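Engineer: structure for the following, please:
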Amino acid sequence: MKRPESHEIDTLGKTQLRAAFDSLGWTVNPVENDYGVDFEVEVFKNRQSTGLTFKVQLKSSKSTDYSSDAGYVSQSVERSSGLYMCRELRAPILLVHADVTAKRTFWMAPQMDQPAIQKLMRPDCGSVTFRNPTSNELPGSWEKLLETIAQVETLLSLRALSEQPIPDFLSSIRERADKDEISRDLKNRSHAIQVEQANNYFRQGSLEEARARLAQVLRDTDASVELRFWALLSAEFVEMRNAAQHRATEEQQARIRLLIASQLQAITKKGPRYLKFTAMLAVRAAELNLLTAVDWGLYLNWKLNQSEGDAFWRSQLAAVRARSTRRIVAKFGQCLRLVNIGVNSSTLMPMLGQALPRLVLAMAPFVQRLRDEGLSEAAEAYSSHALSICRLASMVAEATEDENALGAIAHRAALLARGSSCEFYLWALETAGKIKDAEERQRISSQIREHGENTDNAGRAEITIADEQRFYEGMAASLGIDLSNEQDSIARAVRIGIADWDPTRVLKNCRRLLVTLGSHGMVGEWLRLPTVGTKRLHCTLHRYGTEGVSLDGVYDFFKERHCKNCGDGQPHPADWSYSHAWQLAENERHKDFIKRTQHLDEEPTSEGDSGSIVD
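Structural biologist: Numbers count the residues shown, from 1 in each chain. Below is the predicted model of the structure:
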């Protein structure tokens, strides 16, 4: 019996595919009983799994259809198979074409081919033709392949969000909102003397006094659930103000909100249903806030190092970010379901004015990230959800005459603004104008205008070294490093590395000083922060040098031994400050000196390990 030619071509194509990936050290595993997927490829680096995988649909041919300029290969795919790859599959897949005659193998990412996807969505479409660029030839284009897989991961993680319908909350409650019934429970708030005193201390900036008064209420087991609930909300304001004063990272602030929301849930365990609901929504919003704060740190990591590091590292980070995005989308869905429950209950609805500003606050970092990354479709989808939530919160706050909630939602809406002409900015100002208390109305409106001015100028402002240090703080938090933990040696090393990212305090003392870098470990590698490790301080005039982990400690030793009796010191001008451009210029000016510096007078150093702060 003669073997069909198609079987022979398939076998040749599979062999060709395996050879391409085997040469990279990657594994190719056949996929059984999965419609539209032929193989799963796992990416290895130095024989170690990176955790990266992607699917492959293989098309093999003896008569490949090249374009007239040989720039691409045409590959026709049936509609059902194309829809599965592009719309149904939730994992990255590559369409690979094997030209078994020329022994050439090309790939493309069908999930990113928007014109083809739009054609597939038409009911009269029978098939679609994908174009495989011949520049995507394996194995030589493996770095581009990894970059593309990273982009597909991001696209897939956002798909669920973009496809989620925006609920019309207002139409569902506008006809049945009863102001007297809605405000019933809120009018019963306790204005206990201690809580009011605590709030007064807070407004005056006396955080410790406010904290002490609130602690008395929270410790009193005879106090009502309602009183302890509102006391804990006041305590949250105190703790968040304290965190801001101590420059806590976004993630640290999110963890404080989650802790207090969990305490709210514990307090209301045996309380009324409307408080239980509020606490539950507060917990979900705080969990979302923590996820978006971690996601922001991961994004900053990627943004600061998008052109550096190897392709494996960038792809692994992209996969981590994609998983982060999926968790955010899932958590946001949980929050929306709770909001819908509140909207459809006259008992629970009054509390939405209090709870929803938390949800908008949690959404803000993610919307900012999507916009900054150029993911406009997903950013618009999320922004539309946010504006719908803002309008709902405002309507409830107005109906309940809760001016605190009205001010909170106006302020939180401003966080989503992209400038003073943005819909969020204009809506926030309009909402703040409804606050009856003139002093509070002016305070909230001023904050909104200030934020609008800041966002207007954000696109024109350069990222400073201080900004980069804050970015690294957020990145460290996203890796689970608690920089406030004095007992954690890793946290201490990162704190030193972030501080040493700006060596102005040392270098300003003499123009002869030069800092270069030694080795850095795994944490420094993941943060892409080379100052997490050893630093070397040199005198380029006298050829002295000292090495250590902390630049401050190195300088103290160096100054005592070499600078104390030196008459050649030349301090920088008083207004001088360090910059990356200055460092690069110094690297170039002293490149011969850096190359020759292979040992220090205090400690030996290894040859070839004399990097500088900015390479």
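Engineer: from here on, contacts and neighbour counts on C-alpha atoms
Structural biologist: OK.
Engineer: now do the strands in this protein.
Structural biologist: Per DSSP state E, the chain carries strands over the ranges 27-30, 39-45, 48-61, 72-78, 93-99, 104-108, 127-133, 137-138, 513-520, 533-539, 544-548, 611-612.
Engineer: so which of the ones you listed is the most packed in?
Structural biologist: Using mean count of other CA atoms under 10 Å, the stretch among these with the largest mean neighbour count is strand 93-99, at a mean of 24.
Engineer: what's that strand in contact with?
Structural biologist: With CA atoms under 8 Å, 6 or more residues apart in numbering as the test, strand 93-99 has contacts from 13, 16-17, 54-64, 75, 85, 104-111, 132.
Engineer: adjacent strands (with direction) for it?
Structural biologist: Sheet partners assigned to strand 93-99 using DSSP bridges are listed as strand 48-61 (parallel), strand 104-108 (antiparallel).
Engineer: just to revisit the earlier point, select, out of the strands of the chain, the one closest to Leu356.
Structural biologist: Closest to Leu356 of the strands of the chain, according to CA to CA: strand 48-61, at 37.5 Å.
Engineer: residue contacts, Gly297?
Structural biologist: Residues near Gly297 by CA under 8 Å, 6+ apart: 471-472, 474-478.
Engineer: looking at those residues, spot the one nearest Asn136.
Structural biologist: Met475 (33.1 Å).
Engineer: what sits against that closest one?
Structural biologist: Counting by CA under 8 Å, 6+ apart, Met475 touches 294, 296-298, 300-301, 527.
Engineer: let's see which of those end up in helices.
Structural biologist: 294, 296-298, 300-301, 527 (DSSP state H).
Engineer: flag every buried residue along stretch 16-26.
Structural biologist: Neighbour-count burial for stretch 16-26, with 16 or more other CA atoms under 10 Å as criterion, is recorded at 16-21, 24-26.
Engineer: out of those residues, which are inside helices?
Structural biologist: Within the buried residues of stretch 16-26, residues falling in helices by DSSP H are 16-21.
Engineer: and which of these is nearest Gln245?
Structural biologist: Nearest to Gln245 out of these is Phe21 (CA to CA; 53.1 Å).
Engineer: mind listing what that closest one touches?
Structural biologist: Counting by CA under 8 Å, 6+ apart, Phe21 touches 27-28, 138-139.
Engineer: got CSV for these, with pLDDT and distance to Ala378 too?
Structural biologist: Listed next are those as CSV, based on pLDDT from 0 to 100; distance: CA to CA, whole Å:
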residue, pLDDT, distance to Ala378
Thr27, 94, 34
Val28, 93, 33
Leu138, 93, 32
Pro139, 93, 33
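Engineer: these into TSV, with extra columns for distance to Arg273?
Structural biologist: Shown next, in TSV, are the contacts of Phe21 (distance: CA to CA, whole Å):
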residue	distance to Arg273
Thr27	55
Val28	55
Leu138	61
Pro139	61
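Engineer: out of the strands paired with strand 93-99, flag the one nearest His385.
Structural biologist: Closest to His385 of the strands paired with strand 93-99, according to CA to CA: strand 48-61, at 31.7 Å.
Engineer: from Gly497, how far off is the closest residue to Thr534 other than its chain neighbours?
Structural biologist: Leaving aside its chain neighbours, Thr534 sits nearest to Val549 (4.3 Å; criterion: CA to CA, 6 or more residues apart in numbering). Plainly put, Val549 is 9 Å away from Gly497 if you go by CA to CA, to the nearest Å.
Engineer: so for the two, which sits in the more crowded spot?
Structural biologist: Higher neighbour count among Val549 and Gly497: Gly497, with 25 against 21, using other CA atoms under 10 Å.
Engineer: that one and Val532 touch, don't they?
Structural biologist: Yes. Contact criterion CA atoms under 8 Å: Gly497 and Val532 qualify, at 4.2 Å.
Engineer: tabulate the strands paired with strand 93-99 (a markdown table), appending distance to His385.
Structural biologist: What follows is these, written out as a markdown table (distance: least, CA to CA, whole Å):
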| stretch | distance to His385 |
| --- | --- |
| strand 48-61 | 32 |
| strand 104-108 | 33 |
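Engineer: tell me which of those sits nearest to Leu361.
Structural biologist: strand 48-61 (32.8 Å).
Engineer: what angle separates that closest one from strand 72-78?
Structural biologist: Note on geometry: by axes from the mean of the first three to the mean of the last three CA atoms, to 10 degrees, strand 48-61 and strand 72-78 are set 80 degrees apart in direction.
Engineer: quick one, domains of the protein?
Structural biologist: Following automatic domain parsing, one finds the domains of the chain at 5-140, 503-612.
Engineer: mean confidence score for the last one?
Structural biologist: Yep, that's domain 503-612 we're talking about. For domain 503-612, mean pLDDT rounds to 80.
Engineer: again with stretch 390-401
Structural biologist: Stretch 390-401 shows a mean pLDDT of 86.
Engineer: any chance of the buried residues of stretch 16-26 in JSON lines, plus distance to Arg543?
Structural biologist: Shown next, in JSON lines, are those (distance: CA to CA, whole Å):
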{"residue": "Gln16", "distance to Arg543": "58"}
{"residue": "Leu17", "distance to Arg543": "56"}
{"residue": "Arg18", "distance to Arg543": "55"}
{"residue": "Ala19", "distance to Arg543": "54"}
{"residue": "Ala20", "distance to Arg543": "52"}
{"residue": "Phe21", "distance to Arg543": "50"}
{"residue": "Leu24", "distance to Arg543": "45"}
{"residue": "Gly25", "distance to Arg543": "46"}
{"residue": "Trp26", "distance to Arg543": "48"}
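Engineer: will you turn the residues you listed into TSV that also has pLDDT and distance to Ala417?
Structural biologist: Below are the buried residues of stretch 16-26 laid out as TSV (pLDDT from 0 to 100; distance: CA to CA, whole Å):
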residue	pLDDT	distance to Ala417
Gln16	94	52
Leu17	94	49
Arg18	94	50
Ala19	94	52
Ala20	94	48
Phe21	94	46
Leu24	92	46
Gly25	93	47
Trp26	95	45
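Engineer: ok so, going back, residues that sit against both of Val549 and Gly497, list them.
Structural biologist: Joint contacts of Val549 and Gly497 (CA under 8 Å, 6+ apart) are 532-533.
Engineer: shaky segments in the stretch 201-350 of the chain?
Structural biologist: The stretch 201-350 of the chain contains residues with pLDDT under 70 at 201-203, 305-310.
Engineer: Arg492: how many residues sit nearby?
Structural biologist: Neighbour count of Arg492, defined by other CA under 10 Å: 18.
Engineer: quick check: it touching Ala476?
Structural biologist: No. Arg492 is beyond contact range of Ala476, at 11.5 Å (criterion: CA under 8 Å).
Engineer: now do the shared contacts for these two.
Structural biologist: By CA under 8 Å, 6+ apart, the residues touching both Arg492 and Ala476 are Leu483.
Engineer: got the contact list for stretch 559-568?
Structural biologist: 544, 569.
Engineer: out of the strands of the chain, which gets nearest to Glu430?
Structural biologist: Smallest distance to Glu430 across those (CA to CA): 47.3 Å, for strand 93-99.
Engineer: could you check the angle strand 39-45 makes with that closest one?
Structural biologist: Angle of strand 93-99 versus strand 39-45, following the same axes, to 10 degrees, is 100 degrees.
Engineer: for Leu537, which residues are in contact?
Structural biologist: By CA under 8 Å, 6+ apart, the contact set of Leu537 is 513-516, 545-547, 551, 554-555, 558.
Engineer: measure it to Leu416 for me?
Structural biologist: Leu537 is 44 Å from Leu416, by CA to CA.
Engineer: burial count for Leu527?
Structural biologist: Residues near Leu527, counting by other CA under 10 Å, number 22.
Engineer: could you do Pro110 as well?
Structural biologist: Counted with other CA under 10 Å, residues neighbouring Pro110 total 22.
Engineer: from what I see, it and Leu89 are in contact.
Structural biologist: No. The pair Pro110 / Leu89 is not scored as a contact, 11.1 Å apart, by CA under 8 Å.
Engineer: list the residues that contact both of the two?
Structural biologist: Between them, Pro110 and Leu89 share no contacting residue under CA under 8 Å, 6+ apart.
Engineer: returning to what we had before: so which of the domains of the chain comes closest to Ile341?
Structural biologist: Closest to Ile341 of the domains of the chain is domain 5-140 (CA to CA; 29.3 Å).
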